[in-house]
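**Student:** Structure for the following, please:
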Amino acid sequence: MVFLVTSQPSESLTILQMEKDLRSRADTLSTQKQMRVQQLRQRLDADEKLCDCLGTTPFHIAPSCVVPTEQLLADLDKHISELETEKVLDNLCHLSFSIFWQHSISLLLLVNFVSLT
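**Tutor:** A predicted model of the protein is given here:
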């Protein structure tokens, strides 16, 4: 995690050294921006897939969001985690229902077979 620290340049630095420091800071911030944007894209893809599967509304990102904050990424992670839990529970519910009906049908077939004999 990189924090932007604003400070007054030291008077002992030359103009060239100040420029080098500023370029270095700009490169660091640019890299951080690229990483966050990539993380956001990956998380939004996962969110979209889960929402399509569950029929829910995707996580809302303001159109003005150019560089996602770490808090936004954390909120999106929490949202995705909740959706994944919901999907597991939904799958478990469907599986339980399917097993119930399979056993019910088997029991009905057995009852019919016994009544015929």
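**Student:** wait, what's in contact with Glu36?
**Tutor:** No, residue 36 isn't Glu; it's Arg. 67-70, 73 (CB atoms under 8 Å, 6 or more residues apart in numbering). (C-beta placed from N, C-alpha, C; glycine too.)
**Student:** What subset of those residues is buried?
**Tutor:** Pro68 (16 or more other CB atoms under 10 Å).
**Student:** Include distance to Ile15 when you put the contacts of Arg36 into CSV, please.
**Tutor:** CSV is the format used below for the contacts of Arg36 (distance: CB to CB, whole Å):
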residue, distance to Ile15
Val67, 29
Pro68, 34
Thr69, 33
Glu70, 34
Leu73, 37
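**Student:** I'd like the mean pLDDT over the host helix or strand of Phe113, please.
**Tutor:** According to DSSP states H and E, Phe113 maps onto helix 70-116. Helix 70-116 shows a mean pLDDT of 86.
**Student:** what's the answer for stretch 28-37, then?
**Tutor:** What stretch 28-37 shows for mean pLDDT is 96.
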